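Asks: give me a 3D structure for the following:
(2 chains)
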Amino acid sequence: MKQRLLGALTPGAWVGLVVLVSIIGLAVLGPLFAPHPLDEPIGVPLTRPAQGALFGTDFLGRDVLSRTLWGGRSVLGLAGIATVLAYSVGMAVGLVAGYSRSLLDPLLMRASDVMLSFPALLFLLVLVTGAGSSKTVLVIGVALVQMPLVARIVRTATLEQSVRGFVEAAVARGEGAPAVVRREILPNILGPVTADIGLRFTYSIILVASVNFLGLGLQPPEADWALIISENRAGLTLNPYVILVPAALIASLTISVNVVGDAFARSLGISTARRRLVR
Amino acid sequence: MTEPALLVRALCIELDSGMPVVEDLDLDLRAGEVLGIVGESGSGKTTTALALLGFTRRGVRISSGTVEVEGSALTAGGERVVRALRGRLVSYVAQDPGAALNPSLRVSDLIGDMLRSHDAGEAAENRVSAALKGVNLPSEPEFARRFPHQLSGGQQQRVAIATALVCGAKVVVLDEPTTGLDVVTQARILSEIDRLRSEQRVAMVYVSHDLAVVSSIADRVSVMYAGRIIEEGPTAELVARPRHPYTRGLLSSVPDPVRPRRLHSIPGVSVGVDDRPPGCAFAPRCLQRTESPALSELPPLEQIGGDYRVRCFEWRRTPPLEVEEAVVAQTVERGRVLLAVESLEAGYGRRRAPELAVRGVSFGVAPGECLAIVGESGSGKTTLARCIAGLHPSRAGRVRLEGAELASSAAKRVREQRRRIQIVFQNPNESLNPRHRVGNAIARPARILRGLPAQEANKEAARLLGLVRLPLALADRFPGELSGGERQRVAIARALAAKPDLVICDEITSALDVSVQAAVLELLAELRAELGLALLFITHNFGVVASIADRMLVLESGSIREQGTVASVLSNPQDDYTRRLVAAAPRVVTSPSLPYLSEVE
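Replies: Below you'll find the predicted structure:
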C-alpha cells in the first residue's frame, strides 16, 4: 500500500512532500536549535538582519529567528488536533447518515446545515469571546466549524458506494451494518476523504492563524507565526523579515499540505484503474 | 464498378505512445451498401468508426493511411477543412443517443445546428420537418420543440439519424446504434436504417459487437480482431461458412432464440491493445495453430474468392459450423417446489402512492430447474430478483423457500435461508469490491454463511476458483486486474461459496462480449449439472434463454404475460406481447433481408 502510494507521486507532489516534511520538521525540532531565548530582548527593536540575528529583531528587540523556530508548534499542533477532532466526529456522522437510510440521515444533515449557516470566523470570534481564549476553546471551535463539512463529504461518498453491487452482496449475505461500513464502504471512500483531509487541515491552519492574528487566540508573549505577524505589523518597513518569514512559512505549509493531499487522493483513487491499464 | 463512396487504404491508428490500435485497414464501400464491422471489446472497432470521420479520441492519432469519401480526403488538410466535410459528406450516429444528444437543445436546434454549420441561411425550419418526416417522426412544430429527455430511446436514436442525414451525407457511420434499445425498438430502427439506405442510396458502416444484428442489416461484413481485419466477405457467405477460426468461434457463441443450440465459446481471453502478440494475434487461442510458418509471422489478408478475404494461414482447414442441439440438464426434480413466489408486489416511492414495479407475480422454481424471467427494461424483472434476494422490501405477497416464508429483508432471514439463495449481479465491475482480493471475496460467504474457519474458507475459495475454471493465481489479485469475464466468474464463485440451492442471475451476461457470454453460459450449464443448482435467470435476451433455461416467464410492466417451457413459448408464443418480442429478437441470418421485421410492425 505504502509502496503504491509513493510510487504514483508526480514530481510536483514530491516537491510538496519535501516542503511539507521540512516545515513539520522545523516546527517540531526548531526550538532545539533556537539561538536565543524566546522572550528576551537581544538588541534594538526592529533592526534588520545582523550578526547574531539572522532575520533581525522584532518590535521588542527579540530575535526573529528564534521566535520563528518556536512559533510553528502552535500553528501545526492546534490545526492538526482540530482536524483530527473534526474528522473523527464528522466521519462517524457522515458514515451513519450516509448508510442508515433512516430518519437519522435528515436529522444529522439538517443539524450540520444549521452549523454551516454561521460564517466560520464570526462563529469562532463569538465562541472565543464567550468562552474565553484558551487553546482548548480554539481547537474545539475550529473542529466545530469543520465537522459539518467533513460529515457532508463523507455522507455523499458513502451514499455513492452503498448502492454498488458488492455492498448489496454483503447485505444479502446478512453482514451487519458495522461490518459492511468497515469492510465494503470505508476502503472505497478513502480517495475523496484523503483529498479532503488536506483541504480541511489547510483551512484549520488558516482559521487558527486568523484568530491568533486578530489577537483572540494565543496571547503574548507566546510565539506563534500568526501572532508574530500581527504583533509586528507596524514594523514592516523597518524590518520586513519579521513579517515575511512567518508569512512565507504559513503559505508554504498550506500549499504543500494541499498538493500532497491531492496527490495521495489521486493515487488512492486511480491506482486500480491505472494498474489495469498497465497490465 | 462505380466509384466507391468510402475508400480506406492502409489506415494505421496508434496511441500517442506509439502503440498500434488499428493496423493496415482497407475498406471499400459503394453507395447504398451497408458494411458491418464486427468485433469484441478491444478490437479497435470504435476507434476505426471515428477515424472514418478523420477523428480520433484524445491520446490516439492516425499515423498513416487515407480515408476518402467521394474522392475528398479526411486524413489530409487541417482541422477546419476536415470539419467542413464531416456532416456534409460523412456523419456519425453514436451508441447512446441519450448521452450523444445535448440535453439542453430542442430537437429543432439539434438538427438545425447541423444545417447551420454547413449551409447557413437556408429555410431551416422546412428542412428540419422534412428531416423528421424522413425518419418517420412526427413533423409538426410541437415535436421539434421537445427536448431529448421528452423522447423515448427509439425516438432519440431517430433524431440522431435524422441529424446525420440532414446535410445529405454520402456515408453514415453507425456505432452500435441499437445497443441499449429494447429488441422491438431495435428491430424498428434497423428497418428504418434499411429503408433509408435503399431510398437515399446512402452508404453505411454499421459497427457492432452483435453478429446477429449485423447479419440482418449488412451486405458485407468485416470482422476485426486485435486491430486488424481478419475476415471480410458478403454477409451470407461469411455467416454460413466462416473461414477464420475466430469468426467461426464468434458465430458458435451467438445463441439462437428460435433453434436453441449448444454454445461453444472461444478458449482464452481477448487480447488488449498492449499485449498483442507478434504475428497472428489470434494464434494463442487458436485450435488450428501450427508451428510452420513461424508464430511470429503475420498472415496476409488473402483474397480467396471474388469479394472474400481472410487473414489466416490455415483457413482451408477451418471446419464448417456445427449446429448441435442444446443439451438440457436432467436434474430437475418435478413435483417439488424449492422457491415459491406468491402474488408478490413491490414498488418504489412513497408508501401512500407507490409506483409498482412488480404487480402480483406468482411462480415456482423446482430444485435443479432453470427458470428464465424475460422482460424489457422497466418490466420489473430486477426488482423481482432483488425482492427474492431480500434486498428490496415487498409490499404484498410472499416468497417461500421449501414452504417456509422468507422475511422481506435479508437481515431478518435466518442464516440458513440466506445461504440457500445467492444472487449474481449484472455488472461485474460493480459487484466486486475493488479493495478486496479475489480470494478473500470468495472466502467471505463461506465464512459468514457456512461458518467455515478462515483457513478452510481459503481452501474452499481455491477449490471454487478451479470450479469456475480460473487459475489459482487469481486469488491474490484485485478485481481491477481481471477482465470482465473473469470478474463475472469470480462473482459466480462467490455465490457458489455459500453452497446455495438457488442462484439468482440478474442479467449476468449483458455486460459481456458474446464469446465471453458463451463461456459463462457454458460454465453455468456445467455447474447446474454438477451441483444440481436451481437458477433464476433474469435476462432480456431470448437467445440466452433458449440456450440455458428449462422454463421461462415473460414479464411486462410488472405482470406475467406468458409462462411455459422455453421450447413452447419460443416456438409458439400465445401472447401478443411475447409474439412481438420473439419476432424482434435478433438471430444470425444468411440473407440481410430483415425477414423477421414484417412480424414486428
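Asks: contacts, neighbours, all on C-alpha from now
Replies: OK.
Asks: export stretch B:491-504 to CSV, keeping only CA atoms.
Replies: Taking Å, rounded to 0.1, in the frame of the first residue of the first chain, the C-alpha atoms of stretch B:491-504 are listed here in CSV:
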residue,chain,number,x,y,z
ALA,B,491,-18.8,-13.3,-8.8
ILE,B,492,-20.3,-16.7,-9.6
ALA,B,493,-17.7,-18.4,-7.5
ARG,B,494,-18.6,-16.1,-4.6
ALA,B,495,-22.2,-17.1,-4.9
LEU,B,496,-21.3,-20.8,-5.0
ALA,B,497,-19.1,-20.4,-1.9
ALA,B,498,-22.3,-20.4,0.1
LYS,B,499,-23.3,-23.8,-1.3
PRO,B,500,-26.7,-22.4,-2.5
ASP,B,501,-29.7,-24.3,-3.7
LEU,B,502,-30.8,-21.4,-5.9
VAL,B,503,-28.7,-18.8,-7.7
ILE,B,504,-30.4,-15.6,-9.0
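Asks: and stretch B:141-155, how far from the chain's centre?
Replies: Remark: stretch B:141-155 is offset 26 Å from the chain centroid, using Cα atoms, centre = their mean, to the nearest Å.
Asks: and for stretch B:512-524?
Replies: 12 Å.
Asks: now the phi/psi pair for the residue in the stretch 1-150 of chain B positioned nearest to chain A, please.
Replies: Using Cα to the nearest Cα, the single residue of the stretch 1-150 of chain B nearest to chain A is B:Gly42, 12.2 Å away. Main-chain torsions, B:Gly42, degrees, to the nearest 10: phi 90, psi 0.
Asks: I'd guessed it sits against B:Asp275; true?
Replies: No - counting by Cα atoms under 8 Å, B:Asp275 is not a contact partner of B:Gly42; they are 10.9 Å apart.
Asks: which of those two has more residues huddled nearby?
Replies: Taking other Cα atoms under 10 Å in any protein chain shown, B:Gly42 and B:Asp275 do not tie; B:Gly42 has more neighbours (17 against 12).
Asks: distance check, that one against B:Asp210.
Replies: As judged by Cα to Cα, to the nearest Å, B:Gly42 and B:Asp210 stand 14 Å apart.
Asks: one more: A:Arg233?
Replies: Noted for A:Arg233: a distance of 74 Å to B:Asp210, by Cα to Cα.
Asks: looking at those two, which is more packed in?
Replies: For A:Arg233 versus B:Asp210, neighbours defined as other Cα under 10 Å are more numerous around B:Asp210 (24 against 14).
Asks: how about that one, what does it touch?
Replies: Going by Cα atoms under 8 Å, 6 or more residues apart in numbering or on different chains, B:Asp210 touches B:38, B:514.
Asks: again, but for A:Arg48
Replies: By Cα under 8 Å, 6+ apart, the contact set of A:Arg48 is A:55-57, A:238-239, A:241.
Asks: now do the SS call for the nearest residue in space to B:Gln574 that is not next to it in sequence.
Replies: Excluding the flanking residues, the one nearest B:Gln574 by Cα to Cα, 6 or more residues apart in numbering or on different chains is B:Glu562, at 7.4 Å. B:Glu562 falls in the strand class when you classify it by DSSP: H, G, I helix; E, B strand; the rest coil.
Asks: what number of residues lie near B:Glu562?
Replies: By other Cα under 10 Å, 18 other residues sit near B:Glu562.
Asks: correct me, but it touches B:Asp575?
Replies: Yes - if you go by Cα under 8 Å, B:Glu562 and B:Asp575 touch, sitting 6.4 Å apart.
Asks: end to end on stretch B:531-541, go ahead and measure it.
Replies: Terminal residues of stretch B:531-541 lie 25 Å apart, using Cα to Cα.
Asks: contact partners of it?
Replies: B:331-332, B:365-377, B:381-382, B:385, B:500-508, B:510, B:527-528, B:545, B:549, B:585.
Asks: which of these fall within helices?
Replies: Of these, the ones assigned to helices by DSSP state H are B:381-382, B:385, B:527-528, B:545.
Asks: next, the contact list for B:His244, please.
Replies: With contacts defined as Cα under 8 Å, 6+ apart, the neighbours of B:His244 are B:230-231, B:310-312, B:315, B:318.
Asks: need these in TSV (columns: secondary structure).
Replies: Formatted as TSV, the contacts of B:His244 follow (three-state DSSP):
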residue	secondary structure
B:Ile230	strand
B:Glu231	strand
B:Val310	strand
B:Arg311	coil
B:Cys312	coil
B:Trp315	helix
B:Thr318	coil
